[in-house]
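Undergrad: Build me a structure from this.
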Amino acid sequence: MRRKIITIAGSPGSGKSSTAKALASALGFRHYSSGDLFRQLAAQRGESIEALNIAAEVRRDIDLDVDDLLKKIYDSEDELVIDSRMAWHWMPASFKAYLLLDLDTAARRIFGHLQKEGRISEDAASEQEVRTSIQRRFESEQRRYKSLYDVDFTNPENFDIVLNTKDNDLPIIVGMLKGSYAAWG
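TA: Predicted structure coming up:
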């Protein structure tokens, strides 16, 4: 049975969070981000998101806690859009989307976003350092989920739709997802 749940996974910088928020708003659904939970955990520990990802390779409880929360949400809620690398796996009756973006464009987007927010200055970090960091984080996540669950969250066969966000802006991506979700439902 199909559920009124949309899961959005994707590569770093592909716009998972922005897309999930905009799509949830357009559909009148609630939005949830497992990345927000990970960022909160990192902040509580005084670590970077990259450091927490690396720690999660040895401390399986970090991923297991997030995944347990996803399972509980799936059991209790509908009309939900979730951006999460693994929600598609824990929410089998959801509409599953994957947003794809090359690493260089992702680094440019993330670096620009961080500068705009004043979280880094031009001399504090470079676009290349951001690229290296997100590549490490992405590779860490791939290793962890393969080790924990024997899944590849980048495999397009796991998803109902795969969209490249490089040349498509947010309104176009949201429109494509809305149309695909309506056809799926």
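Undergrad: Please report how far the residue sitting nearest the centre point of the chain lies from Asp169.
TA: By Cα atoms, centre = their mean, the chain has its centre lying nearest to Ser84, at 4.1 Å. Ser84 is 23 Å from Asp169, where distance means Cβ to Cβ, to the nearest Å. In this view, the C-beta of every residue, glycine as well, is placed from N, C-alpha and C.
Undergrad: What is the helix or strand Ala24 falls within packed up against?
TA: Per DSSP states H and E, Ala24 falls inside helix 16-27. With contacts taken as 3 or more Cβ pairs under 8 Å, 6 or more residues apart in numbering; DSSP states H and E, helix 16-27 sits against strand 5-10, strand 30-33, strand 80-83, helix 170-184.
Undergrad: Can you give the distance of the lengthiest helix in the chain from its chain's centre?
TA: The longest helix of the chain (DSSP state H) is helix 127-149. Distance of helix 127-149 from its chain centroid, counting by Cα atoms, centre = their mean, to the nearest Å, is 12 Å.
Undergrad: can you pull the pLDDT of the closest residue in space to Phe29 that isn't next to it in sequence?
TA: Distance criterion Cβ to Cβ, 6 or more residues apart in numbering; nearest residue to Phe29, sequence neighbours excluded, is Glu79 at 4.5 Å. We have a pLDDT of 97 for Glu79.
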